[in-house]
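Asks: sequence and predicted structure are below.
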There are 2 protein chains.
Amino acid sequence: PLGQGSANAVGMAMAERFLAGRFNTPNIQVTDHFTYALVSDGDLMEGLSAEAASLAGHLGLGKLIYLYDSNDISLDGPCSLHFSEDVAQRYAACGWHVQTVADGDTDLDAIDRAIGAAKSETRRPSLIVVKTTIGFGSPNKSGKAASHGSPLGEDEVARTKEALGLAPGDFVVPAEAQEHFRKSLERSRASYDRWQTELAGWKDAHPDLARTWEGAWSGTLPEGWSRELPVFEAGEKIATRVAGGKVQNAIAREVPWLWGGDADLSCSTMTSLADEASFEGQGGRGRNIHYGVREHVMGSIANGIAYHGGSRSFTATFFVFSDYMRPAMRLAAMNHLPAVYVFTHDSIGLGEDGPTHQPVEHLMSLRAMPNLVVLRPADANETAHAWRVAMEQTDRPVALVFSRQKLTVLDRSSHGAADQLARGAYVLRDSPGGAPEAILIATGAEVHQALAVQSKLEAAGKRTRVVSMPSWELFEEQSPEWQESVLPAAIQTRISIEAGATLGWSRWIGPRGKAIGIDRFGASAPADVLFEQFGLGVETIAAELESLFD
Amino acid sequence: PLGQGSANAVGMAMAERFLAGRFNTPNIQVTDHFTYALVSDGDLMEGLSAEAASLAGHLGLGKLIYLYDSNDISLDGPCSLHFSEDVAQRYAACGWHVQTVADGDTDLDAIDRAIGAAKSETRRPSLIVVKTTIGFGSPNKSGKAASHGSPLGEDEVARTKEALGLAPGDFVVPAEAQEHFRKSLERSRASYDRWQTELAGWKDAHPDLARTWEGAWSGTLPEGWSRELPVFEAGEKIATRVAGGKVQNAIAREVPWLWGGDADLSCSTMTSLADEASFEGQGGRGRNIHYGVREHVMGSIANGIAYHGGSRSFTATFFVFSDYMRPAMRLAAMNHLPAVYVFTHDSIGLGEDGPTHQPVEHLMSLRAMPNLVVLRPADANETAHAWRVAMEQTDRPVALVFSRQKLTVLDRSSHGAADQLARGAYVLRDSPGGAPEAILIATGAEVHQALAVQSKLEAAGKRTRVVSMPSWELFEEQSPEWQESVLPAAIQTRISIEAGATLGWSRWIGPRGKAIGIDRFGASAPADVLFEQFGLGVETIAAELESLFD
């Protein structure tokens, strides 16, 4: 989709610098390449590409080179319909080195010279505006929107070949072109072999670095990487966002190729790597990326970093702004990229910031996305395991959804073990005295509501089960036996508790169940007041559940 | 959320021009105002605001004035962490008139002069960069991020008042300020009264225009507005996007204050108003807005147009790009704005463009959003009624989800009437010979699969009901009696057929039902091949349903 490539390229160029900063030694540059992107008028209309331009300029990504195919035609007609800015000046304003090639159709030498100059400019990213004619050579369709979204057609292809002096027929490759590509292959092969030799020398000289390098490129986590994960003490009150920050820092100490950043909210998302510097785009040192208020490009850059390979990267912002990143997240899921998204402030529990900042539909709308794992832990120890699961993914992204508000760390000596989070859902606690008569399924902060309801009903002589269900996707992947052991078919008196859209919960609570949630936008008030007002208070839920017993 | 206001302001300024173009007469300017926006560093980092800047500059919205509170501080610290572009130059590149006020803290005259100059510049929108100190006057927190996201605190407020020479205590308004606002109120009242007098004279002189004006401002559709809605003939094969374009044009002929546009896809979305010119931002003539490839600002501008009042507006793009507009759609829903979103190319049915352009999770993720009506009509006549429902909304947005592929117009003499679309779901056809044994629920294009399955099962002696369910939201609003009449509780053998995420369908099909859908990303192939491969072929569905009978 338009704009995405322009942003992915920034991520690739950042990854190149990061690896250079981590692995290059005074004598050997194991990572040292340019990143080229072909961009179009449509790409440069998308706000995503503007975010990319601003950040790339800020970081001074001198080895990033855009070739802008400026043909002034978009799908609906001439760009003069909707695009009349001075693109060159806009990129210059963003700190880019800008050149223009007046005739990109025939003056290949000019393009070559511009690329040479772009490579020489090492402090700024480069934009080369290449003026071209769309459908160049086509007698009837060149320079027209007709050659944008549709094929030229058989006749017009024949006429175009004739006009360009090319041999007729399909799949005819001119001898000069073959020769050109053959030489290019030779050059590339030689260059690759030279690099392999250098790399081998570098590995011999730096065995520790080499081990890290190999882990980073294969995505293999270092031996014992999760040994030092914090264990939180029962009874402590700590927001999962705060716990998440501690866990993430512990992981980052063991996994030097984990880096990432946030959209100007690190004080709130708690995702700064405490002992690490800010990433800068020249030497690539620093592991904390300051994305600014640019959520969309943050997601697309994370994709670019993953496409590049050699590191793992996380992003962080408020959960409600997952909407801004959604197009990038979809591509991560589609392309099996193991991005880690930290989303904090996950519900009305954030309180006074009000409905614009309170996620309601976000959990469900992300669960609807294929190949994305959504994880919403109930306490600090589930949070540690959520990060563990996230790090262990190799072919899909994970959204870690954390609370703003403090949550009590559960006593695992009397509750199911937190490492069962990896199975998506598990029995957190059964009432004593026999098989449960009803099941309460909850996620995240609302698990604590479920436990309070359970204890209330116990006092009234009713036995219930509380199931913590941090991830639908992981639970769906478990064996039918596990699923049955957590949610026995025999127990159909069920409620779900989640401070969000109820759509979809019928799947787990069945036809006799009741979904407790929020099917409206939030409001601005202290979190406790909101939970009460929106029907998520313990008394209300207990009454709902009791009514199901009747 | 950051960026949204900057884009809403562009919509407001466009609405002002549109109304001026429609209603102003040589002697009387009934619509003639400036639009002011206060924007921040954070606003200008969002790609959304870059799209807004590019389009506003292109349109030459000379009556739009931004005051940019440039304080160089964001939540995490100084903007130098992530924002170092030359904003003034960037806006100039986008065709804006740019001024800078060096001392926005104390030099109010300079701000006033800049606003005067901005008003005099009528061909370009204006950006006034006002350099300010965040937390100005606070001895300990001015110029620091500490005064960005948190209150100063009681002590620091006291010290700040002291430093600024203000009286201590809460809610103390200096006499000069009171006097200033009193005078402002007088001026405004006089100006308002003058306008009311002019308006009354204008109404007398132009009774036809006045009637339209009143309808436009109250949102009352003209008498008989839907009389000329096209009725499509049974058996015709026509994509709902094509039918939608015809319906929309019929409505636009009757409702002169309906306008809108598309994100460079009008040739594909079919949403151009055929007899109307392109909107231009000076005189405001034209009803077709060319948004360019800028989906996010399209949604936010639609919101701005709705906030302004006096017209109705639609947007159009491919359904997959609803992801790009989602933050704006959420605000429309939250703020009860009756925007109309046309989304075409609604499933794998679009074929070869492949998974990046094939919506899968989009229907369900939009259904999860409160206060948004999602409508996916099954044929051309349902499409006409979908547009009717959309136009009749006054306090919530509607997403119209249309097919790219051709669909047969259903014969309503043997099927339920299309106007029942307004009830969200209805019985399209029961097999003859007695009460149905099973229900097939489908939406949009897949209704035709359901009918084919029904007819196959009839041949095998099985009686089924086909329910067309164009809108979950509208169906949920019906009486329990209607719901029961469409989906009788007694019939629990049910399948749903929708070419998208199955999450949520359990609600309607119950525990014994089967949801047929697509819980993975799509693929690039002809649509027919994809439907077969993804288990949506008639044979496959018929077999699934038959297995439920066993």
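Replies: Everything's here; your move. Worth saying up front: this structure is predicted, and the values here are computed from it rather than measured.

Asks: residue ranges with poor pLDDT in chain A?
Replies: Applying pLDDT under 70 to chain A picks out no residues at all.

Asks: mind checking the longest helix of it?
Replies: Determined from DSSP state H, the single longest helix within chain A is helix A:175-205.

Asks: for the residue in chain A that chain B sits nearest to, which non-adjacent residue is closest in space?
Replies: Going by C-beta to the nearest C-beta, chain B is nearest to A:Gly47 of chain A, at 2.6 Å. Any C-beta I mention is one placed from the backbone N, CA and C, and that applies to glycine too. Spatial nearest neighbour of A:Gly47, excluding adjacent residues (C-beta to C-beta, 6 or more residues apart in numbering or on different chains): B:Gly47 at 2.6 Å.

Asks: do the same with A:Tyr91
Replies: A:Leu127 (4.5 Å).

Asks: and the one you found, that's in a strand?
Replies: Yes: applying DSSP: H, G, I helix; E, B strand; the rest coil, one finds A:Leu127 inside a strand.

Asks: hmm, back to that, my read: the residue of chain A closest to chain B touches B:Ala53, true?
Replies: No: using C-beta atoms under 8 Å, A:Gly47 is not in contact with B:Ala53; the gap is 9.6 Å.

Asks: pull up the distance across stretch A:472-486, start to finish.
Replies: 13 Å (C-alpha to C-alpha, to the nearest Å).

Asks: can you tell me which residues in the stretch 251-400 of chain A are near chain B?
Replies: Applying C-beta under 8 Å from any C-beta of the partner chain, one finds that the stretch 251-400 of chain A approaches chain B through A:262, A:264-268, A:278, A:290-294, A:296-297, A:320-321, A:323-324, A:326-327, A:330-331, A:333-334, A:355-357, A:360-361, A:364-371.

Asks: show me which of those residues are buried.
Replies: In these, burial by neighbour count holds for A:262, A:264-268, A:290-294, A:296-297, A:320-321, A:323-324, A:326-327, A:330-331, A:333-334, A:355-357, A:360-361, A:364-371, counting by 16 or more other C-beta atoms under 10 Å in any protein chain shown.

Asks: so which of those belong to helices?
Replies: If you go by DSSP H, those have A:266-268, A:296-297, A:323-324, A:326-327, A:330-331, A:333-334, A:364-367 in helices.

Asks: ok, A:Gly310 - contacts?
Replies: A:Ala15, A:Leu19, A:Thr31, A:Trp213, A:Ala216, A:Trp217, A:Trp257 (C-beta atoms under 8 Å, 6 or more residues apart in numbering or on different chains).

Asks: the stretch 151-300 of chain A: strands as residue ranges?
Replies: Along the stretch 151-300 of chain A, the stretches classed as strands by DSSP state E, counting those that start in this stretch are A:237-239, A:258-262, A:288-290.

Asks: need the residues of the stretch 451-550 of chain A near chain B, please.
Replies: For the stretch 451-550 of chain A, the residues in contact with chain B (C-beta under 8 Å from any C-beta) are A:Ala501, A:Leu503, A:Gly504, A:Ser506, A:Arg507, A:Gly510, A:Pro511, A:Asp519, A:Arg520, A:Phe521.

Asks: residues near the second one, how many?
Replies: What that stands for is A:Leu503. Applying other C-beta atoms under 10 Å in any protein chain shown, we find 23 residues neighbouring A:Leu503.

Asks: you'd agree it is up against B:Gly504?
Replies: Yes: using C-beta under 8 Å, A:Leu503 and B:Gly504 qualify as a contacting pair, with a distance of 4.9 Å.

Asks: common neighbours of these two, please.
Replies: A:Met364, B:Met364, B:Arg367, B:Ala368.

Asks: widest-spaced pair of those?
Replies: The most widely separated members of the shared contacts of A:Leu503 and B:Gly504 are A:Met364 and B:Arg367, with 8.9 Å between them, by C-beta to C-beta.

Asks: which neighbours do the two share?
Replies: Common contacts of A:Met364 and B:Arg367 (C-beta under 8 Å, 6+ apart): A:Leu503, B:Gly504.

Asks: how far away is A:Thr132 from A:Thr106?
Replies: Relative to A:Thr106, A:Thr132 is positioned 10 Å away (C-beta to C-beta, to the nearest Å).

Asks: which one's more surrounded, those two?
Replies: Higher neighbour count among A:Thr132 and A:Thr106: A:Thr132, with 18 against 10, using other C-beta under 10 Å.

Asks: and the nearest residue to that one once chain neighbours are set aside, what does it touch?
Replies: Excluding the flanking residues, the one nearest A:Thr132 by C-beta to C-beta, 6+ apart is A:Gly104, at 4.1 Å. The neighbourhood of A:Gly104, defined by C-beta under 8 Å, 6+ apart, consists of A:Asp69, A:Ser70, A:Ala110, A:Ile111, A:Val130, A:Lys131, A:Thr132.

Asks: how many residues are close by the fourth one?
Replies: By the measure other C-beta under 10 Å, the count of residues near A:Ile111 is 16.

Asks: measure it to A:Glu539 for me?
Replies: 72 Å.

Asks: swap in the fifth one?
Replies: As defined by C-beta to C-beta, A:Val130 lies at a distance of 68 Å from A:Glu539.

Asks: go on, the first one?
Replies: With the distance defined as C-beta to C-beta, A:Asp69 ends up 64 Å from A:Glu539.

Asks: so these two - more neighbours on which side?
Replies: The neighbour count for A:Asp69 versus A:Glu539, taken as other C-beta under 10 Å, is higher for A:Asp69 (16 against 11).

Asks: quick one: secondary structure of the more buried one?
Replies: Three-state assignment for A:Asp69 (three-state DSSP): strand.

Asks: that one: what's it in contact with?
Replies: Contacts for A:Asp69 were tallied using C-beta under 8 Å, 6+ apart; they are A:Leu38, A:Val39, A:Ser40, A:Asp41, A:Gly104, A:Val130, A:Thr132.

Asks: correct me if wrong: the fourth one contacts A:Pro78.
Replies: No: counting by C-beta under 8 Å, A:Asp41 does not reach A:Pro78; the two are 10.0 Å apart.
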